[in-house]
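Engineer: Next come a sequence and a model predicted from it.
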Amino acid sequence: MPHDTQTDHSRATRGDRTALVVGASGITGSALVEQLVGEGWTVLALSRSAASAPGVRGIAADLRDPESLRDALAPERPTHVFFTAWQRQETEAENIAVNGGMVRDLLAALAHAPLEHVALVTGLKHYLGPFEAYAAGEMPDTPFHEEEPRLDTPNFYYAQEDELFAAAARQGFTWSVHRSHTVIGYAVGNAMNMGLTLAVQATIAKELDLDFVFPGSEAQWNGLTDMTDAGVLAEQMVWAATEPAGRDEAFNIVNGDVFRWRWMWPRLAERLGVDPARVVGFEGSARPLEQQMAEHEAAWPGIAAKHGLAESDLSRLASWWHTDADLGRAMEVVTDMGKSREAGFLSFRRTERAFADLFDRYRAARLIP
């Protein structure tokens, strides 16, 4: 979508940039806040709780309440918005209404602000289809490219993009869309968290003397795949928000390496201290975590007490359903990064190292033993 951009001379200098991070407590938002603060931005974090931190000022608002947004944002003048929030609903129609509406209402509440750029995180459901028709219809060949046409099915990612494009046309800012694949990073209490979910699975397996069983499909076990480290995603979002080559474009964002789960699974087990004899791969059929772990969830409070862990509520740590969805796909999922590389974004992160560093961070926070 072409856009009449401002000249670079009129854009805010680094010291004048104010970022509004929407979804600042999530995996992506947390990584963004760390990077922006480190680069000297003024950072505003919008949430229900208005949580503040060093270098970050919290703003309390309800993304589903337009009046709340208008009141909270009336005195604010951000130059950049990083939108990383979403709320899962029962149907895709509700997902579209709620999540598209949050983008629309947030940007409408900033009509007075000197916005230069708005960056939106979506994901590979852009190519795979929504939850209700996930990997079920005709999809483009892998690796997925940004130029692929939209699928002929309702999708809340498309609704979010359309609200972004419409607001950009009205309000005169540039935009970027960032299509990630299974983001791993540090967060607690969010809806999609494979890194922490697998760490919790391994902890329960060790404590109860269970096998550490790969939950997914044969296609995922044997096929190539990739992932997105939250830090790399944050880097790309800030790059797109500040470099001319990133404006008014959609970009895939993954770490840059590919792997097979049959290679990665035993390596993660080793990082998590699982006995190699208890590591089990794909054997005939998928064994979803929602089924595997159902009878063992009640053990978590005791495990947390035994090891002095900081969180005894398993639901704030493990999102079985999301990991099952990602690892249960009966198809290869690989993402092309050529467009982003050609535009000048060259960051890379080895996925095994990203997992290892994440597990270390969760241990330091006393979330796993």
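Structural biologist: Alright, I've got the coordinates.

Engineer: Surely A305 and P369 touch.
Structural biologist: No: the pair A305 and P369 fails to qualify as a contact (C-beta atoms under 8 Å) at a distance of 11.7 Å. For glycine as for every other residue, the C-beta is placed from the backbone atoms N, C-alpha and C.

Engineer: show me the contacts for the residue lying closest to D326 once chain neighbours are set aside.
Structural biologist: Nearest residue to D326 in three dimensions, chain neighbours excluded: T182, at 5.2 Å (C-beta to C-beta, 6 or more residues apart in numbering). For T182, the contacting residues are M194, M227, T228, D326, by C-beta atoms under 8 Å, 6 or more residues apart in numbering.

Engineer: swap in G26?
Structural biologist: G26 neighbours (C-beta under 8 Å, 6+ apart): T84, A85, A187, N190.

Engineer: who touches the first one in this structure?
Structural biologist: By C-beta under 8 Å, 6+ apart, the residues touching T84 are V21, V22, G23, A24, G26, T28, G29, L32, V121.

Engineer: returning to that earlier point: and the contacts of T182, which are buried?
Structural biologist: Using 16 or more other C-beta atoms under 10 Å as the burial test, these include M194, M227, T228, D326 as buried.

Engineer: quick one: which of the residues you listed sit in strands?
Structural biologist: T228 (DSSP state E).

Engineer: CSV for the buried ones among the contacts of T182, including pLDDT?
Structural biologist: Below are the buried ones among the contacts of T182 laid out as CSV (pLDDT from 0 to 100):
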residue, pLDDT
M194, 96
M227, 97
T228, 98
D326, 91
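
Engineer: Can you tell me which of the buried ones among the contacts of T182 comes closest to L115?
Structural biologist: T228 (25.7 Å; C-beta to C-beta).

Engineer: shouldn't the closest one be in contact with R179?
Structural biologist: No: using C-beta under 8 Å, T228 is not in contact with R179; the gap is 9.3 Å.

Engineer: Mutual contacts of these two, please.
Structural biologist: I253.

Engineer: The stretch 201-350 of the chain: strands as residue ranges?
Structural biologist: 212-213, 224-225, 228-229, 249-253, 259-260, 279-280 (DSSP state E, counting those that start in this stretch).

Engineer: Strand partners (parallel or antiparallel) of the last one?
Structural biologist: Going back to what we said before, that points to strand 279-280. Strand 279-280 pairs in its sheet with strand 212-213 (parallel), by DSSP bridges.

Engineer: now swap in the fourth one and tell me
Structural biologist: Sheet pairing here is set by DSSP bridges, and for strand 249-253 it gives strand 174-180 (parallel).

Engineer: which is the next helix or strand following the partner strand?
Structural biologist: Moving toward the C-terminus from strand 174-180, the next helix or strand (DSSP states H and E) is strand 183-184.

Engineer: quick one: contacts of that next one?
Structural biologist: 27-28, 123, 192-195, 227-230, 233, 354-355, 358.

Engineer: still on that earlier bit, report the two of the contacts of T84 separated the most.
Structural biologist: Maximum pairwise distance among those (C-beta to C-beta): 12.5 Å, between A24 and V121.

Engineer: between these two, which one's more packed in?
Structural biologist: V121 (30 against 26; other C-beta atoms under 10 Å).

Engineer: So in terms of bridging, what pairs with the more buried one?
Structural biologist: H178.

Engineer: That one: what's it in contact with?
Structural biologist: Applying C-beta under 8 Å, 6+ apart, the residues near V121 are T28, F82, F83, T84, H178, S180, L233, M237.

Engineer: how does it look with 6 Å?
Structural biologist: T28, T84, H178 (C-beta atoms under 6 Å, 6 or more residues apart in numbering).

Engineer: partner residues bridging the residue nearest to the spatial centre of the chain?
Structural biologist: Central residue of the chain (C-alpha atoms, centre = their mean): V183, 4.5 Å from the mean position. For V183, the beta-bridge partners under DSSP bridges are T228.

Engineer: if we can go back for a sec, any idea which of the strands of the stretch 201-350 of the chain is most buried?
Structural biologist: Neighbour counts (mean count of other C-beta atoms under 10 Å) averaged over each of those peak at strand 228-229, with a mean of 30.

Engineer: What count of nearby residues applies to the residue lying closest to G246 once chain neighbours are set aside?
Structural biologist: Leaving aside its sequence neighbours, G246 sits nearest to A240 (C-beta to C-beta, 6+ apart; 2.9 Å). Neighbour count for A240, taken as other C-beta under 10 Å: 27.

Engineer: Surely A240 and E249 touch.
Structural biologist: No: the criterion here is C-beta atoms under 6 Å, and A240 misses it with E249 at 7.1 Å.

Engineer: what's the overlap in contacts for the two?
Structural biologist: Common neighbours of A240 and E249 (C-beta under 6 Å, 6+ apart) are S176.

Engineer: which residues does E148 contact?
Structural biologist: P140.

Engineer: That one: helix or strand, and which one exactly?
Structural biologist: Under the assignment here (DSSP H and E), E148 is part of no helix and no strand.

Engineer: Could you do L196 as well?
Structural biologist: Using DSSP H and E, L196 falls in helix 194-208.

Engineer: Show me how far that helix is from its chain's centre.
Structural biologist: Relative to its parent chain, helix 194-208 has a centroid offset of 20 Å by C-alpha atoms, centre = their mean, to the nearest Å.

Engineer: Just the CA atoms of that helix, as CSV, please.
Structural biologist: Output of helix 194-208 as CSV, limited to C-alpha atoms (Å, rounded to 0.1, in the frame of the first residue of the first chain):
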residue,chain,number,x,y,z
MET,A,194,6.2,-22.6,23.6
GLY,A,195,9.5,-22.1,25.4
LEU,A,196,8.0,-22.0,28.9
THR,A,197,5.5,-24.7,28.0
LEU,A,198,8.2,-27.2,27.0
ALA,A,199,10.3,-26.3,30.1
VAL,A,200,7.3,-27.0,32.3
GLN,A,201,6.6,-30.3,30.5
ALA,A,202,10.2,-31.3,31.1
THR,A,203,10.1,-30.4,34.7
ILE,A,204,6.9,-32.4,35.3
ALA,A,205,8.4,-35.4,33.4
LYS,A,206,11.6,-35.3,35.6
GLU,A,207,9.7,-34.9,38.9
LEU,A,208,7.2,-37.6,38.2
